[in-house]
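Visitor: Kindly return the folded structure for what I paste below:
(one chain, ligands or ions: 1)
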Amino acid sequence: MVKIQAQGKIITCAKGENLRQVLLKNNVDVYNGNASIINCRSIGTCGTCAVEIEGEVSQPQLREKARLSLPPHSPNSQKRLSCQVKVLGDIKVTKYNGFWGQGSEIVWTPEG
Ligand code: FES
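Guide: Numbers count the residues shown, from 1 in each chain. So this is what the prediction gives:
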C-alpha cells in the first residue's frame with residue numbers, strides 16, 4: 001500500500017492505482033468549479049484534472065504529454081493529469097487555480 005496526502009486527507013491505496021479515481025473516491029476536489037461536471041472522465045483530453053505531485057508516480061505517456069503541451073497548460077508545466085497517473089509510492093498532491101488547474105495560485109495543498 002502507498003499513501004497519498006491531498007487536501008488535508010491521508011489516503012492509502014494499492015500501488016499502481018489511478019490517482020484521479022482514488023482522489024474522487026475519497027472526496028478530494030480534483031476539479032475546480034464546473035470542471036467537476038464538464039470533464040473528459042479520464043480520457044486524457046480535457047486537461048482539467050491537472051495537479052502537482054511530489055513523489056513517485058508513473059511517467060507521462062504520449063497522450064498526457066500532448067495535452068499538457070497545449071494551452072492553457074504549457075510544455076514547461078510541472079503539473080500532471082491525475083487521470084493518467086499511477087501512484088507508485090507515497091505522494092503529496094497540490095491543486096492550483098483556473099478551470100484546468102493551470103494557474104499558479106494554490107487551491108489546496110497536501111495538508112489542507
Ligand atoms: S479528466 Fe480529462 S484529462 Fe483528466
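Visitor: residues from this protein in reach of the ligand?
Guide: Residues of the chain found near the ligand (Cβ under 6 Å from any ligand atom) are 39-49, 81, 83. Every residue, glycine included, has its C-beta placed from N, CA and C.
Visitor: Give me the phi and psi angles of the nearest residue to residue 79 once chain neighbours are set aside.
Guide: Nearest non-adjacent residue to residue 79, counting by Cβ to Cβ, 6 or more residues apart in numbering: residue 50, 4.3 Å away. In terms of degrees, to the nearest 10, the main-chain angles of residue 50 are phi -60, psi 140.
Visitor: Counting neighbours, which of the residues of the chain next to the ligand comes out on top?
Guide: Top of the residues of the chain next to the ligand by neighbour number is residue 49, holding 29 neighbours under the definition other Cβ atoms under 10 Å.
Visitor: Wait, a strand at residue 78?
Guide: No. Using DSSP: H, G, I helix; E, B strand; the rest coil, the assignment for residue 78 is coil, not a strand.
Visitor: coming back round to it: what's across from the residue nearest to residue 79 in the sheet?
Guide: residue 81 (DSSP bridges).
Visitor: ok, it touching residue 78?
Guide: No. The criterion here is Cβ atoms under 8 Å, and residue 50 misses it with residue 78 at 10.1 Å.
Visitor: No more questions from me, cheers.
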